[in-house]
Each structure stands twice: as structure tokens, then as C-alpha cells.
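>>> fold the following.
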Amino acid sequence: NRGAEQGGRLQRRLAVIRDVFGKLVESTQRLPRRWRRLKRLAALDATLLHCVASAEWADYRKNVNACKGHILFDLARSTPKQIVLTTDRTHDRKVFSEFLAPGWTYIVDRAYNDYELFDTIHDLGAFFVTRLKAGSVYEVIEKRPVKRACRKSGVLSDQIIVLGRGPTRMASSVRYIRFQAEDDHIYDFLTNRVPSASLHDSPVAPPYAESWTFNEEDGSWDGTGRHFRRG
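Just a heads-up that it's a prediction; the model follows:
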């Protein structure tokens, strides 16, 4: 009958999904050796998901049924770690706080720049790596020397700064690293991983440069930077 036929199709679809999921799980166990060191390192981004007309709950805006998927991706396991769906036009950075956990380092794009949130991340004992927005106001606290090897790989400057001014000024300082890629494009990185005895001895990868690691002993960024990609 019709019900049995539909049930059979559903079972076949579920079997395909299980098979695909199983292959994805297997692939995460064969990650390149260099990725195995990336413990508690995650990338966060959001994307708009269009929904069918019958999904009335996804009232994104007039005549548009959609929701926003905020996805946290575990780079060590190469699998999604957590997803949050929002049905309104909440800014990405306001959802960021729902993912925070002590000891984790989060790689995010410039849309997540929020000085108050950066202070919250610092106080929680978590870390972020992002890019500086053009026109940002900051005060230079310290100019750090750049090792010759790092300069050859593209590091132009390494500074400790405080972002903001007046009521928007951050309570904590951040690391500001200017980097020149092989195509001569300049990138400005921000991170709260600054030299501190409280830092965990774990590798940190700035966005789009998986070959970088953080050296806690002298507070330097080490690595070739040759895998750097624009993003």
C-alpha cells in the first residue's frame, strides 16, 4: 500500500544518510598528523539557510522564510561541534557568547569584533583569533621584536595594544600581528593569546594559516606561514 511504500523510501534514505555519516566519521580518524595537535581549537561562522514556504517559524523577513545557522567547527576532529539556529536578524557576535568555554580558542572573522565580548572571553579563560577592522582605534602598549625567521615568513610587526577609547576601551590588552601573505596582501590579526604564565601549552593557528603555532615560553608566533590563504 501507499503507506508501506513511503515507509520503504524513508528507510532507504535513512540508510544512505547513515552510510554517508559513517564515512565522514571514518575520515576524521585519518586527519593529517599536524592537525592532531590542534586541541580545543574551533572556527565559528554563520550562514543563511533558506526554508520551505510551510516553515512559518522561520520568519526571517517579509516573504522570506529562512533561519541563520551559527556553526562551531572543531578543527582537531574536522567535524561540527555545535550549531545554534536563530530565526531573527540577531547579529552574529551576539550569538558568539553561547559557544564560549574555558580553554578553547575560537577563530572568527571581523564580523565578530566586539570589545566587550573580547573582555568577556578573556575573563572566562578562553581565547580568540580574528582580524582587525579597518579604522579601529587602539593604543600601542608594547612593540615586540620579530624574529628573523618569522619576518622571512611574512610577519611585519608584533604589538600589544588596547582596543577602543573612552567607554568602549577594553579592560584587557590584545596581541596585534601584521602579516604579509605570499601574494603581498596585508592581514592584521588580533588575539588575546599574549605572553602569560596562565596560557595552556597548546598550538594556536591564526585564521587561514594552519602552519602557525604559539610559543608560550617567549610569546612568539612560530611557523612558516606558507599555507596562508586569503579569507
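
>>> show me what the residue nearest to the spatial centre of the chain is bridged to.
Residue closest to the average C-alpha location in the chain (CA atoms, centre = their mean): Ile107, at 2.1 Å. With DSSP bridges as the criterion, Ile107 is bridged to Ala43, Val129.

>>> can you pull out the strands in this protein?
41-50, 59-61, 64-74, 79-86, 105-107, 127-131, 138-144, 155-163, 174-180, 186-191, 213-215, 220-222 (DSSP state E).

>>> any idea of the mean pLDDT in the third one?
Read it as strand 64-74. Strand 64-74 carries an average pLDDT of 85.

>>> buried residues in it?
Burial within strand 64-74, assessed by neighbour count using 16 or more other CB atoms under 10 Å, is assigned to Asn65, Cys67, Lys68, His70, Ile71, Leu72, Phe73, Asp74. (Each C-beta comes from the backbone N, C-alpha and C, glycine too.)

>>> repeat that for the first one.
When burial is assessed from 16+ other CB under 10 Å, strand 41-50 yields the following buried residues: Leu41, Ala42, Ala43, Leu44, Ala46.

>>> just the C-alphas of it, formatted as CSV.
In CSV, the C-alpha atoms belonging to strand 41-50 read as follows (Å, rounded to 0.1, in the frame of the first residue of the first chain):
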residue,chain,number,x,y,z
LEU,A,41,40.7,24.9,18.6
ALA,A,42,37.4,25.8,16.8
ALA,A,43,36.2,28.0,13.9
LEU,A,44,32.9,29.8,14.1
ASP,A,45,30.8,31.2,11.3
ALA,A,46,27.2,31.7,10.3
THR,A,47,25.2,31.2,7.1
LEU,A,48,21.7,31.9,6.0
LEU,A,49,19.6,28.8,5.5
HIS,A,50,16.5,29.2,3.3
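
>>> mean confidence score for it?
For strand 41-50, mean pLDDT rounds to 87.

>>> what's the answer for the fifth one, then?
Along strand 105-107, the predicted confidence averages to a pLDDT of 91.

>>> then the last one?
Averaging pLDDT along strand 220-222 gives 39.

>>> which residues does Ser172 contact?
Contact partners of Ser172, counting by CB atoms under 8 Å, 6 or more residues apart in numbering, are Phe118, Asp119, His122, Asp123, Val162, Asn192.
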